[in-house]
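[1] Please find the sequence and the predicted model below.
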Amino acid sequence: MSSSRLYPARRWRELGAILVLMSVCGLAVASQPTPPVTIEVSAADGKKPNEVIARVTLTANIEVSNATLVIHSQARELKIGEARRSLRLAPGKPVVVEIPIAVGAAGVHQFDIEVKANAKGFESAGGFERRYVSWDGKQPARILTGKEARREYRLEIDRKLQEMQRSNPDARVSIDNFLRQRLQELRETPKYDEKTQQALAPPAAGIEPYEADVVVDKTADVIRELDPITVTGRLWFTDRAGSTRPLINATVDIRDSDTFGDEQLTSVVTGWDGRFTAVVNNDDGWFQNGRDIYIRVRASNSRFRVQDCAAWPDWTYAWDSEVHDDLSDGTVVNFGDRITSTNNEASILFQDLNQGWNFLTTSGGQDPGFIDLCWPEDASQYSTFWEEVDIEDGDEVARDIVLHEYGHGTMHNAYDGYWPDDTGGDHGFNDILHPNMAFTEGWGTFIALSINDDGVYNSTSFSRAIESFNHSSGHSNSDGQKNEGHVAAGMHDVRDRGADGSCAGGGNCDPSGANSATMSQIWRDSFWLSKADNIGEYWPRLCAELDAAQGTAAVNGLAFNAIDVNTCKCTVRQALVGNPNAEAEIRDLHTMRDRGLRNTDFGRRVIDLYYRHNAEVTGMLLKDAEMRRMAATLFSRAAEGSRVLLKEGERDGVLLDEKTARMARDFIARAQKSGSPQLRQDFNEVARLIDQLEGRSYEEIRGKFAAPGRKK
């Protein structure tokens with residue numbers, strides 16, 4: 001992935017309709033599965049200014065029973081009429097319910113609308129929406145979405161900022177001064193299992209774009225060895241269950257508070273236990289009494305970030321501490337245990353991203369790149385245009401929603417900005433979709449369940465078991481690749497070790513167990529840069545990474561989920577049958593693929609051609625012993641070349657000599673003679689590759705693969 005995609009610059013959203021119209025051809029939105037009950041909310045004026053009527057339209061999308069509408073709020077200022085009532089809902093027949101609400105005090109007050117119901121195939125079914133009543137004490141009360149309420153708040157902040165700058169043009173202030181919240185001190189250190197460790201991401205850049213004119217970046221001038229000041233502490237947040245947990249991988253800015261503008265000294269990230277330590281000098285300039293140190297904590301690092309995108313500019317959620325003034329040389333400033341309180345939801349979302357990034361980087365073996373997340377928004381989705389995950393206000397309570405959208409974002413990164421056609425729009429676990437849409441949505445759920453491994457997709461309004469998934473209508477034995485639930489369940493069965501069904505007597509089952517595929521095989525080896533549109537295109541790539549036992553288990557696991565794929569065939573493994581060094585040579589060929597071919601456009605094209613014709617060529621090898629012998633020789637020679645290419649000092653010899661090149665051309669000719677029209681056409685490209693490689697020294701090939709600017 002290029003460095004520009006690793007940490008993309010924020011798009012200028014306020015360019016508005018013109019920019020959207022220009023981009024509409026390339027715009028795709030991946031959204032959440034349709035809930036069993038859809039809730040729409042509008043408002044009507046009440047009899048008094050402090051009264052408003054919430055007009056709630058409820059539409060069942062599937063057959064539901066025992067439906068109950070519940071309106072609840074933590075705000076004492078709201079008086080809600082008939083907050084609980086039973087409903088009779090039929091699919092496609094909207095029911096309108098009017099809820100009178102009275103406001104006891106001016107302000108913005110939250111309330112939630114929830115439908116609880118039962119439905120076939122669902123552990124729980126219903127719908128959920130969050131809204132706010134806004135009343136200024138004079139004008140009629142209004143009902144707002146979370147994003148609308150946040151936007152009004154941001155616009156008021158912007159108004160105050162402009163007033164301050166007009167009255168004092170020299171004031172060094174930004175929106176951060178108004179939006180940043182104060183860290184709270186914990187009196188007792190929470191008990192926590194410190195045996196759990198995680199990978200750490202580098203910190204984000206020290207200054208956000210909106211601070212460029214108000215904070216002086218002094219990081220290049222801070223010589224830590226002289227007159228050191230040590231800054232340390234430990235950060236926490238409150239998780240969804242109400243437990244106190246370490247805030248991991250957050251960026252901590254060490255700053256010096258000065259009269260004429262604060263100075264950014266350095267940035268570090270919190271460790272797996274929430275601790276941070278930084279050392280800076282105490283050079284505070286002429287006529288100063290020592291640095292005045294405070295910390296600023298951001299929900300950001302170089303791999304993921306949580307922002308308020310309700311108005312421009314987007315603002316990264318942040319918290320700060322009090323200032324420790326006039327510090328002496330050698331001082332250790334220990335901020336102790338601090339916790340995020342206001343905007344703690346941003347900390348929860350940030351740790352969801354941390355969990356996802358850590359899983360794909362460690363278990364998956366491939367850094368998924370940078371992901372932006374905006375909250376609160378009006379819908380939970382991933383936008384390929386803005387390249388961001390949006391989380392609807394209220395959906396932050398459901399980790400699977402966040403991780404599903406994270407799955408979409410990391411798919412977009414893995415595909416290097418490509419997104420399959422025929423995706424977008426409404427979709428549900430019971431729907432028959434285009435195979436491309438079923439794959440993209442099923443993949444998002446698969447990633448969520450791989451990270452949060454409990455076998456159930458838990459939304460705000462429903463729960464659906466994926467481990468034992470079976471959709472209830474329009475079902476046939478081979479429609480799995482057109483249903484997002486089956487795609488998610490099939491991939492889950494390929495990865496997990498829990499067996500499902502009955503394998504006795506050749507029955508339909510998911511055998512899994514010790515032969516399950518590893519996440520690195522699924523994510524790094526076969527998904528990364530694959531640009532597969534659907535599971536049919538993805539399967540040959542995954543199959544080629546599995547050994548015989550894994551391949552058989554994967555085929556059975558997918559079939560158990562109504563996804564029929566060809567028996568797993570791998571050209572390399574078939575060619576090297578009987579070779580005692582087969583596994584070692586396959587590893588060498590993987591190295592050439594990952595560290596060589598993937599670094600060039602032409603090399604990636606060769607990888608695509610291999611996977612496209614893998615099954616067809618494997619069939620040829622089974623029938624033609626001479627072709628199998630030639631393939632074994634060519635693959636062994638390529639494996640040897642891979643080993644030599646890794647030896648940086650090795651300059652002698654060529655990767656492809658005249659004799660081996662002649663054999664390769666003969667192999668291509670035999671394959672084209674009996675192959676499909678598409679194979680005959682594609683193998684012309686392979687022949688051109690042979691022409692380019694023949695006689696080239698290892699040094700030349702190494703330089704070609706490692707040329708500056710290549711994507712790694």
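    Thanks, I have the structure now.
[2] got the contact list for stretch 156-176?
    By C-beta atoms under 8 Å, 6 or more residues apart in numbering, the surrounding residues in contact with stretch 156-176 are 154, 178-179, 208, 210-211, 213-215, 260-262, 311, 313, 315, 318. All C-beta spots, glycine's among them, are computed from the backbone N, C-alpha and C.
[3] Enumerate the positions of that stretch that are buried.
    Within stretch 156-176, the residues scored as buried using 16 or more other C-beta atoms under 10 Å are 157, 161, 172-176.
[4] Excluding chain neighbours, what is closest to the residue nearest to the spatial centre of the chain?
    Against the mean C-alpha coordinate of the chain, by C-alpha atoms, centre = their mean, the closest residue is Tyr406 at 2.4 Å. Nearest non-adjacent residue to Tyr406, counting by C-beta to C-beta, 6 or more residues apart in numbering: Gly356, 4.5 Å away.
[5] What's the per-residue pLDDT of Ile586 here?
    Here the pLDDT value assigned to Ile586 is 90.
[6] Next up, the contacts around it.
    Going by C-beta under 8 Å, 6+ apart, Ile586 touches 572-573, 576, 639.
[7] out of the contacts of stretch 156-176, which are buried?
    Among the contacts of stretch 156-176, the ones that count as buried by 16+ other C-beta under 10 Å are 154, 178-179, 208, 210-211, 214-215, 262, 311, 313, 315, 318.
[8] out of those, which one sits closest to Pro376?
    Proximity of the buried ones among the contacts of stretch 156-176 to Pro376 (C-beta to C-beta) peaks at Arg154, which lies at 11.3 Å.
[9] quick one: what helix or strand has that closest one in it?
    Using DSSP states H and E, Arg154 sits in helix 146-167.
[10] again with Leu589
    helix 582-595.
[11] Give me the phi and psi angles of the residue lying closest to Glu388 once chain neighbours are set aside.
    Excluding the flanking residues, the one nearest Glu388 by C-beta to C-beta, 6+ apart is Asp372, at 4.2 Å. The phi/psi pair for Asp372 (degrees, to the nearest 10) reads phi -100, psi 140.
[12] do Asp367 as well
    The phi/psi pair for Asp367 (degrees, to the nearest 10) is phi -60, psi 120.
[13] count of neighbours near it?
    Using other C-beta atoms under 10 Å, Asp367 has 20 neighbouring residues.
[14] contacting residues around it?
    Asp367 makes contacts with 303, 357, 360-361, as judged by C-beta under 8 Å, 6+ apart.
[15] could you redo the residues you listed as TSV and give each row pLDDT?
    Output for the contacts of Asp367, formatted as TSV (pLDDT from 0 to 100):
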residue	pLDDT
Arg303	97
Trp357	98
Leu360	97
Thr361	97
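[16] Tell me the one of these nearest Glu98?
    Trp357 (45.0 Å).
[17] part of a strand, is that closest one?
    No: looking at Trp357 with DSSP: H, G, I helix; E, B strand; the rest coil, it is helix, so not inside a strand.
[18] List the backbone torsions phi and psi for the closest residue to it other than its chain neighbours.
    Nearest residue to Trp357 in three dimensions, chain neighbours excluded: Arg303, at 5.3 Å (C-beta to C-beta, 6+ apart). Backbone geometry at Arg303, expressed as degrees, to the nearest 10, gives phi -120, psi -20.
[19] For Arg303, the count of nearby residues, please.
    24.
[20] Touching stretch 306-318 from outside, list them.
    Residues outside stretch 306-318 that contact it (C-beta under 8 Å, 6+ apart) are 10, 12-14, 147, 150-151, 153-155, 158, 175-176, 179-181, 204, 208-210, 296-300, 305, 343, 346-347, 349-350, 353, 372-377, 388, 390.
[21] helix or strand for the spatially closest residue to Phe469 that is not a sequence neighbour, which one?
    Spatial nearest neighbour of Phe469, chain neighbours left out: Ala489 (3.9 Å); criterion: C-beta to C-beta, 6+ apart. Element membership for Ala489 (DSSP H and E) is helix 484-495.
[22] And that helix, what's buried?
    Within helix 484-495, the residues scored as buried using 16+ other C-beta under 10 Å are 484-495.
[23] before we move on, what about stretch 35-45?
    35-39, 41, 43.
[24] And the furthest pair within the residues you listed?
    Once C-beta to C-beta is applied, those give Pro36 and Ala43 as the farthest pair, at 24.7 Å.
[25] So, low pLDDT: which residues of the protein?
    Counting by pLDDT under 70, the chain contains low-confidence ranges at 1-27, 192-199, 222-227, 284-289, 472-477, 504-507, 648-651, 706-712.
[26] Domain map for it?
    What automatic domain parsing lists as the domains of the chain is 1-30+390-567, 31-144, 175-354, 569-712.
[27] want to try CSV for these, with distance to Pro368 as columns?
    Below are the domains of the chain laid out as CSV (distance: least, C-beta to C-beta, whole Å):
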stretch, distance to Pro368
domain 1-30+390-567, 4
domain 31-144, 20
domain 175-354, 8
domain 569-712, 14
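[28] now for these, which one comes closest to Gln381?
    Closest approach to Gln381 among the domains of the chain is made by domain 31-144 (4.2 Å; C-beta to C-beta).
[29] Quick one: end-to-end distance for that closest one.
    From its first residue to its last, domain 31-144 covers 22 Å (C-alpha to C-alpha, to the nearest Å).
[30] same thing with stretch 527-545?
    Criterion C-alpha to C-alpha; first-to-last residue distance in stretch 527-545 is 11 Å.
[31] again with stretch 653-660
    In stretch 653-660, first residue to last residue: 13 Å (C-alpha to C-alpha).
[32] so who does the nearest residue to Ser328 once chain neighbours are set aside touch?
    The spatially closest residue to Ser328, leaving aside those adjacent along the chain, is Gly290, at 5.9 Å (C-beta to C-beta, 6+ apart). Going by C-beta under 8 Å, 6+ apart, Gly290 touches 282, 284, 325-329, 331.
[33] 7 Å instead, please
    Contacts for Gly290 (C-beta atoms under 7 Å, 6 or more residues apart in numbering) come out as 282, 284, 326-328.
[34] Among those residues, which one lies nearest to Val64?
    Set against Val64, the nearest of these by C-beta to C-beta is Leu327 (63.0 Å).
[35] just checking, that closest one touches Tyr294?
    No: assessed by C-beta atoms under 7 Å, Leu327 is found out of contact with Tyr294, at 11.1 Å.
[36] which residues of the stretch 101-250 of the chain fall in strands?
    Per DSSP state E, counting those that start in this stretch, the stretch 101-250 of the chain carries strands over the ranges 107-118, 125-135, 142-144, 181-182, 184-185, 215-217, 229-238, 244-246.
[37] how far does the fourth one sit from the chain's center?
    Okay, so that is strand 181-182. Put simply, strand 181-182 sits 27 Å off its chain's centre (C-alpha atoms, centre = their mean, to the nearest Å).
[38] Run through who's touching it.
    Identification of contacts with strand 181-182 by C-beta under 7 Å, 6+ apart yields 319-320, 342-343.
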